[in-house]
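Q: coords please:
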Amino acid sequence: MQSSLEGIKVLDLSRTLAGPFCTMLLGDMGADVIKVEQPGKGDESRRFTPPTWNGESCYYLTSNRNKRSITVDLKSTEGREIIYKLAKDADILVENYRTGTLEKLGLGYETLKEINPRLVYCSISGFGRTGPERFRAGYDLLLQGFGGLMSITGDADRAPAKAGMSIVDLTTGMFAVYGILSALFSTQKTGKGQFVDVSLLDGQIVLLNHLATGFMATGSPAGRMGSAHPSIVPYQSFRTKDMDIILAVANDGLWTKCCHALEWMDLLADSRFTTNVNRVTHRTELVKIISERMITMESKEVFERLNRAGVPCGPIHTIEQILNHPHVHSREMLIEIEHPIVKNLKVPGFPVKLSNTPANLRRYPPLLGEHTEEVLDELGYSTTQIKKLKSGKVI
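A: Below you'll find the predicted structure:
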């Protein structure tokens, strides 16, 4: 089947995670992604170790499939000329340098749009390309703190905690894809490209969602509640005899089903718990009662009863458990990649299923500079010219 972005060319000047994750998703949908890396060093994530797999960084391997890697010294005149030639033919450019860096190198949007007016130029940064904080560096951990996420993550009686994965980088990469495809759709109608400004902070503000609106309505900021929810009870983890589980009673109808399934008719009749508003008001008392009852039950019994009743519940899996879960495999969410160094490389698969233009695997995560000569040959460079660029350490 044809991929949805087949024929689209992406010039990838990004490193680490948010940008590479974005361009990998574009590559998964069929785009030809040319990853530009620093000669001799490459993407910083190649050195984010441990863990490694046969000496290769797992961090790098996860977000760089379906790309071709070339090495170019962007500070050299000859290197910039290579980028100009690539940009002239590209549909999309993605970069995540500090504000002003590429402009100083002559590779900013205003310069490249003169070369290619149709270019969709996506700039990913920590704080955006405007505003008083625009020159600050942005990293996932920094933005989890700055953006408010850590203030609501963890238990109330403990220090703020970060999310276990790089949630800021990954969601920003997804927002970038959304912006790029919107701009690309516009380009197809108007013939004009545009500048797409995506920041880690903006993404975090959006993800605060109802917590942000709740604060603006009440003036009271949400705090850390562990696995609990500020507006729904019971909606959190509980300990059974053998394991921690999740109980997600999201409305009054489910509360009735839950009480019937677990034979908690006394709680169903208790006026303190009849509605969700009442349950939130009396959260401490109800959670204490449920905790005392759950700890006497086996998780298997709880799941069987609640699943029969249609009440959302489930285990808290480890990474090992979820990656070995049959449903994950049935959804093809782990893919195996043939790699010249890493045998039996497995990485997370494609999260979006398209019936007519599905994502596909075409290339393993490239070795540093693996496709430099191939790409330069496509640009019209002769063998002699390529040798000269090599000897001058431009590539």
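Q: quick one, what contacts the residue nearest the centre of the chain?
A: For the chain, the residue nearest the mean C-alpha position is Leu170 (1.9 Å; C-alpha atoms, centre = their mean). For Leu170, the contact set (C-beta atoms under 8 Å, 6 or more residues apart in numbering) comprises 17-18, 21. From N, CA and C alone the C-beta is placed, and that goes for glycine too.
Q: before we move on, what about Phe175?
A: Going by C-beta under 8 Å, 6+ apart, Phe175 touches 198, 202-203, 206.
Q: In TSV: those residues, plus neighbour count.
A: Below are the contacts of Phe175 laid out as TSV (neighbours: other C-beta atoms under 10 Å):
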residue	neighbour count
Val198	26
Asp202	17
Gly203	23
Val206	12
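Q: now those as a markdown table including secondary structure and pLDDT?
A: Listed next are those as a markdown table, based on DSSP: H, G, I helix; E, B strand; the rest coil; pLDDT from 0 to 100:
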| residue | secondary structure | pLDDT |
| --- | --- | --- |
| Val198 | strand | 98 |
| Asp202 | helix | 97 |
| Gly203 | helix | 97 |
| Val206 | helix | 97 |
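Q: can these go into CSV with extra columns for distance to His325?
A: Below are the contacts of Phe175 laid out as CSV (distance: C-beta to C-beta, whole Å):
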residue, distance to His325
Val198, 33
Asp202, 34
Gly203, 28
Val206, 30
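Q: Just the closest of the contacts of Leu170 to Pro117, please.
A: Closest approach to Pro117 among the contacts of Leu170 (C-beta to C-beta): Ala18, at 26.6 Å.
Q: ok so, going back, in strands only, show me the contacts of Leu170.
A: Per DSSP state E, strands hold no members of those.
Q: Most neighbours among those residues, please name it.
A: Of all those, the highest neighbour tally under other C-beta atoms under 10 Å goes to Ala18, namely 32 neighbours.
Q: Contacts only, for it.
A: Ala18 makes contacts with 96, 124, 168-170, 172-173, 176, 200, as judged by C-beta under 8 Å, 6+ apart.
Q: Where neighbours are concerned, which of these has the most?
A: In terms of neighbours by other C-beta under 10 Å, the contacts of Ala18 top out with Thr172 at 31 neighbours.
Q: And the average pLDDT for the helix or strand that that one is a member of is what?
A: In this assignment (DSSP states H and E), Thr172 forms part of helix 167-190. Across helix 167-190, pLDDT averages out at 98.
Q: Name the residues of it that come out as buried.
A: 167-177, 179-181, 183-184, 187 (16 or more other C-beta atoms under 10 Å).
Q: just to revisit the earlier point, so which of the contacts of Phe175 is the closest to Gly108?
A: Val198 (15.8 Å).
Q: Now do the contacts for the closest residue to the closest one other than its chain neighbours.
A: Using C-beta to C-beta, 6 or more residues apart in numbering and skipping the chain neighbours, the partner closest in space to Val198 is Ala176 (4.5 Å). Ala176 makes contact with 18-19, 22, 94, 122, 124, 196, 198, according to C-beta under 8 Å, 6+ apart.
Q: try it again with 7 Å
A: 22, 94, 122, 124, 198 (C-beta atoms under 7 Å, 6 or more residues apart in numbering).
Q: Look up the residues forming beta bridges with the second one.
A: Applying DSSP bridges to Val94 gives these bridge partners: Asp12, Cys122.
Q: what about Val347, distance to Trp53?
A: Between Val347 and Trp53 the computed distance is 10 Å (C-beta to C-beta, to the nearest Å).
Q: repeat for Thr213
A: Distance from Thr213 to Trp53, counting by C-beta to C-beta: 43 Å.
Q: More neighbours: which of the two?
A: When neighbours are counted by other C-beta under 10 Å, Thr213 and Trp53 differ, and Trp53 comes out ahead with 18 against 10.
Q: My guess is the more buried one contacts Ile341. True?
A: No - judged on C-beta atoms under 7 Å, Trp53 makes no contact with Ile341 at a distance of 8.4 Å.
Q: So what touches the stretch of helix or strand Gln321 belongs to?
A: Using DSSP H and E, Gln321 sits in helix 319-323. Helix 319-323 is contacted from outside by 328, 334, using C-beta under 7 Å, 6+ apart.
Q: Make 707 the first number, not 1, from now on.
A: Done: numbering now begins at 707, and the last item shifts to helix 1025-1029.
Q: Kindly provide the whole-number mean pLDDT of the next helix or strand after that helix.
A: Beyond helix 1025-1029 in the direction of the C-terminus, DSSP H and E gives the next helix or strand as helix 1032-1036. Computed over helix 1032-1036, the mean pLDDT rounds to 97.
Q: Can I get stretch 999-1019 in CSV, CA atoms only?
A: The C-alpha atoms that make up stretch 999-1019 are tabulated as CSV, following Å, rounded to 0.1, in the frame of the first residue of the first chain:
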residue,chain,number,x,y,z
ARG,A,999,-11.8,-3.9,52.1
MET,A,1000,-9.6,-4.2,49.1
ILE,A,1001,-6.6,-5.4,51.1
THR,A,1002,-8.6,-8.5,52.2
MET,A,1003,-9.4,-9.5,48.5
GLU,A,1004,-7.3,-11.1,45.8
SER,A,1005,-6.9,-9.0,42.7
LYS,A,1006,-8.2,-11.9,40.5
GLU,A,1007,-11.5,-11.9,42.4
VAL,A,1008,-11.8,-8.1,42.2
PHE,A,1009,-11.2,-8.1,38.4
GLU,A,1010,-13.6,-10.9,37.8
ARG,A,1011,-16.4,-9.3,39.7
LEU,A,1012,-15.9,-5.8,38.3
ASN,A,1013,-15.3,-6.8,34.7
ARG,A,1014,-18.6,-8.8,34.8
ALA,A,1015,-20.3,-5.7,36.0
GLY,A,1016,-18.6,-3.4,33.4
VAL,A,1017,-16.7,-1.4,36.0
PRO,A,1018,-13.3,-0.1,34.7
CYS,A,1019,-10.4,-1.6,36.6
